[in-house]
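make a model of this:
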Amino acid sequence: MIRLPISLAALCLTASAFAAAPFDDKFRQLDELLPTPGAIRTASGAPGHAYWQQRADYTIRATLDEERRAINGSGTITYYNNSPDTLKYLWLQLDQNIYKPDSDARQSATVASRQAWEKPRSPAEGLKFDGMRSMLTAAEFPGGFNITSVKDSGGRTLPYTINKTMMRIDLPQPLKPGARVSFNVAWNYNINEQKVLGGRSGYEKFDDKNDLFEIAQWFPRMAAYYDVYGWQHKQFLGAGEFTLEFGDYDVQITVPADHIVASTGELQNPGEVLTAAQRDRLKQARTAKKPVIIATQAEAEAREKQRTGGTKTWHFKAKNVRDFAFATSRKFIWDAQGIKSGNVDVMAMSYYPKEGNPLWEKYSTHAIVHTIEQYNKYSLDYPYPVSISVNGPVGGMEYPMITFNGPRPVKDKKTGELTYSKRTKYGLIGVIIHEVGHNYFPMIVNSDERQWTWMDEGLNSFVQSLAQEAWEEDWSEMRGHPRQIVDYMRSRNQVPIMTNSESLLQFGNNAYAKPAAALNILRETVLGRELFDFAFKEYAQRWKFKRPTPADFFRTMEDASGTDLDWFWRGWFYTTDAVDVSLDGITEYTVASKDPEVEKAWQRARKQAEPISITDQRNKGMERRVDRFPELKDFYNEHDDFTVTNKDRNKFNETMADLEDWEKELLKSGKHLTLVDFTNKGGLVTPLIVEIELKSGKKYIERIPAEVWRYSPTRITKLFITDEPVVGMVQDPYWETADIDVSNNAWPRKSEPSRLELFKSERDQNNLMRDYNTKLKTKEQKEDAKSE
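Numbers count the residues shown, from 1 in each chain. Down below sits the predicted model:
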């Protein structure tokens, strides 16, 4: 502790005058990076009065050839040019062409590293059997669209050019602003086996000789054309998903007669494809308080065995959606429950094979209902009449009104017992929340997924974490919690969040977890829940059924919260800096009273508190000369350097006489002034959350905004004023800032407990004679070993 001589000037606490070098200004505005606002996209982040977007309506007829595992389709697309531009040609997405041998995705694929390929350090690193099978099958699979015709509305052939996963149609007449054009396309393609070739759709074959089809990216879809990018015709490489236009769909799907179809849109002909019992159960489900079984497990098992002939055509219509997907199988069990979303009646429905039970029947539809309830709170009311979760080969994928979700129980090959792990249970609930949540981001708030993965995955993962918190307490390993992103933030092979979808490293951490954690910090630590929730909901409301860009999100959050967040976006989204704040130098001051009786006693106590030197310790008890000859002692043997003199007293009296009453009160205030140095080692500026412990045992939190770093982004000194001595201090005590090194966050420093695991030495490992004489295991012994 240090005594602080006080003067009126010293009491005037002023802001630091040290300015950061321009290249290290963490608070410079984002104007240099964001596009210039205008009448289409305003400076507030809202759509402007000149905002426009294109539209495409589809009428499609498709047939599933179950035997060949192929789709045959034809359809009419009506394209509306709402832009101010005249278009001479149109671009369409042919995403199935990713399976062609010459696709950019196939040709540009690389192995992770030579070391992992040749000498993996563990089985987890090495090449798997299914990985090798996938590579070999991909080279032989006859995938991709076969476009059989492209014609105008009058039946005349239109010239077209296919560029891998994109197709350009050349128009006979330029399409002027405000005009529309209709054309017809016919196509077919072979469906990929999803568990072999991967992908976002495909079929799964079961031991009972039945298949389950999840069908998406199954027709030529209009590419997006918009003010920021023009035609979004970046090749589909697999990671960057889809950018599409809204429109109405009229779709008829012909499948084997014993199939049940789950689809985007509302079923138009239930009397032709459903039994009377199924129609009655659907009617009951609309007002039910819990899921009602529409197609039972017993009915599904009967269909699996009987395999009736013939076909049925299921007719669906969907309004104002950006895509269309469906699933079909004779294996489907089907349950449903009606819920209210704003003014819309919604049917939450799940479709799953018996292999998904008991997990799916118990949790899937409940998870759909829960997602809609929670996402409505934080964004917008779900506007569509159905929301579907399908269990099949795809681990997790979203489309308007329908999602594909993978987790299911495992069956013991020996006993037949069905079990599921904790990870499978929460993985299922979590992936349903996530994929149904995608109906909000980007199926309604229609960001460009091909360009910016984080705008849908990151925002959705954040709201997913809020929904999971509302499911049950202590949901473990949740994306969005800052402490879960620390290992990634420490890592070196990173790129900023603001990196194109196809160039991301550590895809899941970069596009899902880091932006979700950033938004959690923005909500809990920077803005507070009230300001954040208002701004986030405003963003969703402004941009529903429109196409926002990153700038629109950043600007809306600032506009609606009334807070300059450029430092936050810059640090979290445009850099790979991390939070690492070190709590360093600490000095405590108290105000000197100027009273010599008090001050010199304080100085004497400080002196006496110093360690006794090793020499004085060893000389203790030694006879001294002045002990033998006391007459040698004088005035200075009776008085030390801290003796109060009359001169001291006179000076004190004169000083006090010149002070005003308020100045005298300050001298008696007894306040403790603690100066603390904080060092920004990670580079990412952050609010300070400081837990202060006082001598009495009392603890309290001081929250200091990130602007504390604005004059010196690497090191600052902060003053804390208390009524009693500070005995302990912790920066970020609740781990809410994703600090990558908490070992330097405390004063006094705290040790970190850990455990040391010991291993027994292995000798004689390579004993060929012993290994040769080892008895072969029987088939039963092998099975027993697998089940252990």
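
okay, buried residues for the biggest helix by length in the chain please.
Looking only at the chain and at elements set by DSSP state H, the helix with the highest residue count is helix 359-378. Burial within helix 359-378, assessed by neighbour count using 16 or more other Cβ atoms under 10 Å, is assigned to 359-361, 363-372, 374-376, 378. Quick note: C-beta positions are derived from backbone N, CA and C, even for glycine.

try stretch 557-565
Using 16+ other Cβ under 10 Å as the burial criterion, the residues of stretch 557-565 that qualify are 557, 558, 559, 560, 561, 563, 565.

can you check stretch 657-676 too?
Residues 667, 672, 673, 674, 676 are the ones in stretch 657-676 that count as buried (16+ other Cβ under 10 Å).

relative to the whole chain's centre, how far out is that stretch?
51 Å (Cα atoms, centre = their mean, to the nearest Å).

quote the end-to-end distance of that stretch.
End-to-end distance for stretch 657-676, by Cα to Cα, to the nearest Å: 35 Å.

for the record, mean pLDDT for it?
Mean pLDDT, taken over the full extent of stretch 657-676, equals 89.

contacts for that stretch?
Defining contact as Cβ atoms under 8 Å, 6 or more residues apart in numbering, one finds that stretch 657-676 is touched by 1, 4, 6, 8, 11, 583-594, 656, 690, 717-726, 729, 747.

next secondary structure after the lowest-mean-pLDDT helix or strand in the chain?
Comparing every helix and strand of the chain by mean pLDDT, DSSP states H and E singles out helix 8-11 as the least confident one, with a mean of 42. Secondary structure here is assigned by DSSP states H and E; on that basis, the next helix or strand after helix 8-11 toward the C-terminus is strand 55-65.

same for the helix or strand that that following strand is followed by, what does it pack against?
Along the chain past strand 55-65, the next helix or strand (assigned with DSSP H and E) turns out to be strand 70-80. Packing contacts for strand 70-80, counted by 3 or more Cβ pairs under 8 Å, 6 or more residues apart in numbering; DSSP states H and E, involve strand 55-65, strand 180-190.

among the contacts of stretch 657-676, which ones are buried?
Neighbour counting by 16+ other Cβ under 10 Å classes 4, 6, 583, 588-591, 593-594, 690, 720, 722, 726, 729, 747 among the contacts of stretch 657-676 as buried.

max pairwise distance over the residues you listed: which two?
With distance counted by Cβ to Cβ, no two of the buried ones among the contacts of stretch 657-676 lie farther apart than 583 and 594, which are 32.5 Å apart.

distance-wise, check residue 439 relative to residue 233.
Summarising the geometry, the distance separating residue 439 from residue 233, computed by Cβ to Cβ, to the nearest Å, is 25 Å.

who has more neighbours, the two?
A direct count of neighbours by other Cβ atoms under 10 Å for residue 439 and residue 233 places residue 439 higher, at 25 against 20.

how about the residue lying farthest from the centre of the chain, secondary structure?
Ranking residues of the chain by C-alpha distance from their mean position (Cα atoms, centre = their mean) puts residue 631 at the top, at 84.2 Å. On the three-state scheme (DSSP: H, G, I helix; E, B strand; the rest coil), residue 631 is labelled helix.

pLDDT at it, what is it?
Turning to residue 631, the model gives it a pLDDT of 92.

also residue 773?
On pLDDT, residue 773 comes in at 87.

and it, how many neighbours does it have?
Here the number of neighbours of residue 773 (other Cβ under 10 Å) works out to 8.

list phi and psi for it.
Main-chain torsions, residue 773, degrees, to the nearest 10: phi -90, psi 0.

ok, now which ones touch it?
Taking Cβ under 8 Å, 6+ apart as the definition, residue 773 has no contacts.

and it, how far from residue 765?
As defined by Cβ to Cβ, residue 773 lies at a distance of 16 Å from residue 765.

distance-wise, check residue 445 relative to residue 140.
Following Cβ to Cβ, the distance that separates residue 445 from residue 140 is 40 Å.

er, residue 712 actually
Following Cβ to Cβ, the distance that separates residue 712 from residue 140 is 62 Å.

so between the two, which is more surrounded?
Of the pair residue 712 and residue 140, residue 712 is the one with more neighbours under other Cβ under 10 Å, namely 17 against 8.

and residue 757, what's its pLDDT?
pLDDT, read off for residue 757, is 85.

what do you get for residue 653?
Residue 653 carries a pLDDT score of 89 in this model.

give me the number of residues near it?
Neighbours of residue 653 under the rule other Cβ under 10 Å: 9.

that one in helix, strand or coil?
Using three-state DSSP as the criterion, the local structure at residue 653 reads helix.

what kind of secondary structure is residue 115 in?
Here residue 115 is helix, with the state taken from three-state DSSP.

okay, the closest residue to residue 52 other than its chain neighbours: pLDDT?
Of all residues not flanking residue 52 in the chain, residue 82 sits nearest, at 4.8 Å (Cβ to Cβ, 6 or more residues apart in numbering). We have a pLDDT of 98 for residue 82.

would you say residue 82 is within a strand?
No: assignment of residue 82 by three-state DSSP gives coil, placing it outside any strand.

pretty sure it is in contact with residue 54, am I right?
Yes: judged on Cβ atoms under 8 Å, residue 82 makes contact with residue 54 at a distance of 5.6 Å.

between those two, tell me which one has more neighbours.
Using other Cβ under 10 Å, the more surrounded residue of residue 82 and residue 54 is residue 54, with 21 against 15.

show me what contacts the closest residue to that one other than its chain neighbours?
Using Cβ to Cβ, 6+ apart and skipping residues adjacent in sequence, the residue nearest residue 54 is residue 245, 4.9 Å away. For residue 245, the residues meeting the contact criterion (Cβ under 8 Å, 6+ apart) are 53, 54, 55, 56, 222, 224, 225, 322.

tabulate those residues (TSV), appending distance to residue 122 and pLDDT.
Output for the contacts of residue 245, formatted as TSV (distance: Cβ to Cβ, whole Å; pLDDT from 0 to 100):
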residue	distance to residue 122	pLDDT
53	49	98
54	50	98
55	52	98
56	49	98
222	46	98
224	43	98
225	48	98
322	42	98
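
I'd like those residues as a markdown table, with distance to residue 686 appended.
What follows is the contacts of residue 245, written out as a markdown table (distance: Cβ to Cβ, whole Å):
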| residue | distance to residue 686 |
| --- | --- |
| 53 | 37 |
| 54 | 41 |
| 55 | 44 |
| 56 | 45 |
| 222 | 43 |
| 224 | 36 |
| 225 | 40 |
| 322 | 37 |
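
got a winner among the residues you listed for most neighbours?
Using other Cβ under 10 Å as the neighbour test, the contacts of residue 245 are led by residue 224, with 26 neighbours.

residues near residue 24, how many?
The number of residues packed around residue 24, counting by other Cβ under 10 Å, is 11.

ok, it - contacts?
For residue 24, the residues meeting the contact criterion (Cβ under 8 Å, 6+ apart) are 713, 714.

just the helices from the stretch 601-750 of the chain, written as ranges.
Across the stretch 601-750 of the chain, reading from the start of the chain, the helices by DSSP state H, counting those that start in this stretch fall at 614-619, 625-628, 635-638, 646-658, 661-667.

nearest to residue 186, out of these?
Evaluated with Cβ to Cβ, these place helix 661-667 nearest to residue 186, the distance being 89.0 Å.

low-confidence stretches in this structure?
Along the chain, the parts satisfying pLDDT under 70 run over 1-23, 781-788.

can you do 80?
Using pLDDT under 80 as the threshold, the predicted model of the chain has low-confidence ranges 1-23, 111-126, 476-477, 761-765, 779-788.

residues in contact with stretch 74-84?
Stretch 74-84 has contacts (Cβ under 8 Å, 6+ apart) with 52-62, 87, 90, 153, 175-187, 219-220, 222, 225-227, 247.

one more pass at 7 Å, please.
52-61, 87, 90, 175, 177-186, 219, 222, 225 (Cβ atoms under 7 Å, 6 or more residues apart in numbering).

now do the buried residues in that stretch.
Of the residues in stretch 74-84, those buried under the neighbour-count criterion (16+ other Cβ under 10 Å) are 74, 75, 76, 77, 78, 79, 80, 81, 83.
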